[in-house]
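In: Model the following, please.
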Amino acid sequence: MDKNLLDKSLFFFESGSNDVFNYFLSFGTPTLDTDAYVQAMLREVENLIGHIYRLGGLRLAVFSLGPVGCVPARVFLLNAPVEKCFGRMNVMVKKYNEGLESLVKDISVRYPGAVGDAVQRYRAIPARYGNSLILSRS
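Out: Model (predicted):
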């Protein structure tokens, strides 16, 4: 593995929409309530971030989810509204996004040298980074 390549890489994380959607599929009663399920999802994200960091990845872009309860496929879910977004699903997404925000704020504390808000930095001062998405250490 090329440690130098990992050190210069930017890792993009966007996950969870299928997990939220699948929670509401009618394969029986879920074994976890929505809050416990969201916490399990966040633990998996945190585990993945830790794994990437231990391999040498220092620049992470973590994206929140959009309103999954508004995707057209929601109409196929049991008890999902057809004329409007599925509110219970979007409440779950909001809790997940809040948890992601907390994880991102904590990245530099838990993982020294890591940058978790790389996309926000790039958007705020794009000229600092030229035409490249490879970011400098903070």
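In: Would you mark the buried spots in stretch 46-63?
Out: 46, 49, 52-53, 57-62 (16 or more other Cβ atoms under 10 Å). In this view, the C-beta of every residue, glycine as well, is placed from N, C-alpha and C.
In: Out of the helices and strands in the chain, which is least certain?
Out: The helix or strand of the chain with the poorest confidence is helix 118-124; it has a mean of 60 (mean pLDDT, DSSP states H and E).
In: With secondary structure added, can I get the buried residues of stretch 46-63 in a markdown table?
Out: Shown next, in a markdown table, are the buried residues of stretch 46-63 (DSSP: H, G, I helix; E, B strand; the rest coil):
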| residue | secondary structure |
| --- | --- |
| 46 | helix |
| 49 | helix |
| 52 | helix |
| 53 | helix |
| 57 | coil |
| 58 | coil |
| 59 | strand |
| 60 | strand |
| 61 | strand |
| 62 | strand |
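In: Now tabulate the residues you listed in JSON lines and tack on distance to residue 88 and pLDDT.
Out: Below are those laid out as JSON lines (distance: Cβ to Cβ, whole Å; pLDDT from 0 to 100):
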{"residue": "46", "distance to residue 88": "25", "pLDDT": "92"}
{"residue": "49", "distance to residue 88": "28", "pLDDT": "89"}
{"residue": "52", "distance to residue 88": "32", "pLDDT": "88"}
{"residue": "53", "distance to residue 88": "34", "pLDDT": "88"}
{"residue": "57", "distance to residue 88": "35", "pLDDT": "85"}
{"residue": "58", "distance to residue 88": "37", "pLDDT": "82"}
{"residue": "59", "distance to residue 88": "35", "pLDDT": "81"}
{"residue": "60", "distance to residue 88": "30", "pLDDT": "81"}
{"residue": "61", "distance to residue 88": "29", "pLDDT": "81"}
{"residue": "62", "distance to residue 88": "24", "pLDDT": "83"}
